[in-house]
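what shape does this take:
(one chain, ligands or ions: 2)
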Amino acid sequence: MTQKRIEWPVALFLILNPLGTLILAPIYFYYYGFQWDILLFALVFAAATNLSITAGYHRLFSHKSYDAHPIAKALFLLIGASGFQGSALKWSSDHRRHHTHIDGDKDPYNINEGFWYAHMGWLFYKDSVDQKIQAPDLQKDWMVQFQHDYYVPLAILTGFALPTLIGWMMGSALGGFVIAGGLRIALTQQSTFFVNSLCHTLGKQTYSKEISARDSWFVAILTHGEGYHNFHHKFQIDYRNGIKWYHWDPTKWVIRSLNLVGLAHKLRQIPQVEILKARLQAEAAELAKRGFAEEQLLVLKEKILEAQNRMKKLHDDYEQFKIDAAKKRADLKVAYDLKLVELRRDLEIAQLEFQMGMKQWKLCLRSV
Ligand SMILES: [Zn+2]
Ligand SMILES: [Zn+2]
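Ligands and ions are numbered 1, 2, ... in the order given. Take a look at the predicted model:
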């Protein structure tokens, strides 16, 4: 059996940074006590680091799920570098490989190699870390390429020097270095690592049972919204991971906020009917295994999807007609109002048909 070669620089950092933090943090607290301003700064910096990885490295650079203004890109690249997770180019190239070869030998953080391996074990080995970069679109982006070329000095400057300087201005350079530097890096790294381990272990396979990725609100809390990972693997181009408004996905809210202030545009979203189709497909396969007749499931599935399509079209027609009706002359108003009532009635029928179909479907799922 051949011995796996160790990727020493990464391995040493992953061991020495938390170890150093563990030794220096008590020394810092002993001499300086709790400095709330430094803790608050570290917390804000940690959130910014995580969001630069999730909204920047992941959803922008790896998946192009939206377009970003150069200011947003520069911020993601600078703050992202401070997280010591590699350059955006390398990170994205590895991540794209993960999506293409999920659960297979070429998946750099293949969950079938074990929880620990997918979590951070893979980072210790040359074979999994030292893979050729394959992201020609990103290599053409001078900002991404610049961050890649000067990654190590940028990471040290933004990850350690900057928080040490800010800590010094707040009264403790050591506090800045240990809490907003080392500790922040160790914790934000773990948050990313959970995406590759927990997101492929804990939760439901809502949209595809063929892949290990899972949806879990609990993991979403630990990972700034990346926990709806089954959805993400099925629809990687969508800028959201949590699609319902109440799904905990701060990354999606950040992207939407950037859009509001003009720093992000062309937010890509999968149509609702496609999402439902995938979900029903996955559930139908499950029901068929439990003995439900496939033809009947297919008929019901088509009925639900048709009702949803009709609902969407009628809703759009109704909204458009309402705008048109408001502009019409008074003598034509009655005819328009009548048409509006008709549209409203058809829309309600479609909604009822959709709800009934879904109810029937859920009853099937609940039955043994
Ligand atoms: Zn994944
Ligand atoms: Zn992804």
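
can you confirm Q134 is in a helix?
No: counting by DSSP: H, G, I helix; E, B strand; the rest coil, Q134 is not found in a helix; it is coil.

how is the protein carved up into domains?
Domains of the chain are assigned by automatic domain parsing as 8-270, 273-366.

tabulate those (CSV), appending mean pLDDT.
Below are these laid out as CSV (pLDDT from 0 to 100):
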stretch, mean pLDDT
domain 8-270, 97
domain 273-366, 89
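
next, the contact list for the residue positioned nearest the centre of the chain, please.
The chain has E226 as the residue nearest its centroid, 3.8 Å off, counting by Cα atoms, centre = their mean. E226 makes contacts with 54, 58, 195, 199, 219-220, 232, 241, 251, as judged by Cβ atoms under 8 Å, 6 or more residues apart in numbering. Heads up, the C-betas are built off the backbone N, CA and C, glycines and all.

output the longest helix belonging to this protein.
helix 330-366 (DSSP state H).

can you give me the offset of that helix from its chain's centre?
Chain-centre distance of helix 330-366: 34 Å, with Cα atoms, centre = their mean, to the nearest Å.

how about stretch 11-22?
27 Å.

how about stretch 215-224?
The answer for stretch 215-224 is 10 Å, by Cα atoms, centre = their mean.

start and end of that stretch, how far apart?
The straight-line separation of the ends of stretch 215-224 (Cα to Cα, to the nearest Å) is 13 Å.

and that stretch, what's buried?
215-216, 219-220, 222-224 (16 or more other Cβ atoms under 10 Å).

would you mind measuring from the residue nearest to Y151 when sequence neighbours are not counted to G176?
Once flanking residues are discounted, Y151 sits nearest to S87: 4.3 Å by Cβ to Cβ, 6 or more residues apart in numbering. Per Cβ to Cβ, to the nearest Å, S87 is found 24 Å from G176.

next: R240.
Using Cβ to Cβ, R240 is found at 35 Å from G176.

who has more neighbours, the two?
G176 (27 against 24; other Cβ atoms under 10 Å).

what about A42, how many residues nearby?
Per other Cβ under 10 Å, the neighbour tally for A42 reads 23.

is it true that it touches A186?
No: assessed by Cβ atoms under 8 Å, A42 is found out of contact with A186, at 11.5 Å.

most widely separated two among the contacts of E226?
For these, the maximum inter-member distance is 14.7 Å, found between H58 and V219 (Cβ to Cβ).

tell me where the stretch 151-300 of the chain has helices.
Applying DSSP state H, counting those that start in this stretch to the stretch 151-300 of the chain gives helices spanning 151-156, 162-169, 173-175, 184-196, 217-222, 229-234, 250-260, 272-289, 294-327.

figure out which of those is closest to Y31.
With distances scored as Cβ to Cβ, the stretch of these nearest to Y31 is helix 173-175 (7.6 Å).

got a list of what the closest residue in space to Y228 that isn't next to it in sequence touches?
Nearest residue to Y228, sequence neighbours excluded (Cβ to Cβ, 6+ apart): N241, at 4.2 Å. Applying Cβ under 8 Å, 6+ apart, we find N241 in contact with 220, 225-229, 231-232, 247, 249, 251-252.

of those residues, just the buried ones, ChimeraX syntax please.
Entered in ChimeraX, the line below selects the buried ones among those, by 16+ other Cβ under 10 Å:
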select :220,225,226,227,228,229,231,232,247,249,251,252
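
need the contacts of N241 in a markdown table with distance to K140, can you?
Shown next, in a markdown table, are the contacts of N241 (distance: Cβ to Cβ, whole Å):
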| residue | distance to K140 |
| --- | --- |
| A220 | 33 |
| G225 | 29 |
| E226 | 27 |
| G227 | 32 |
| Y228 | 31 |
| H229 | 29 |
| F231 | 29 |
| H232 | 25 |
| H247 | 34 |
| D249 | 30 |
| T251 | 25 |
| K252 | 27 |
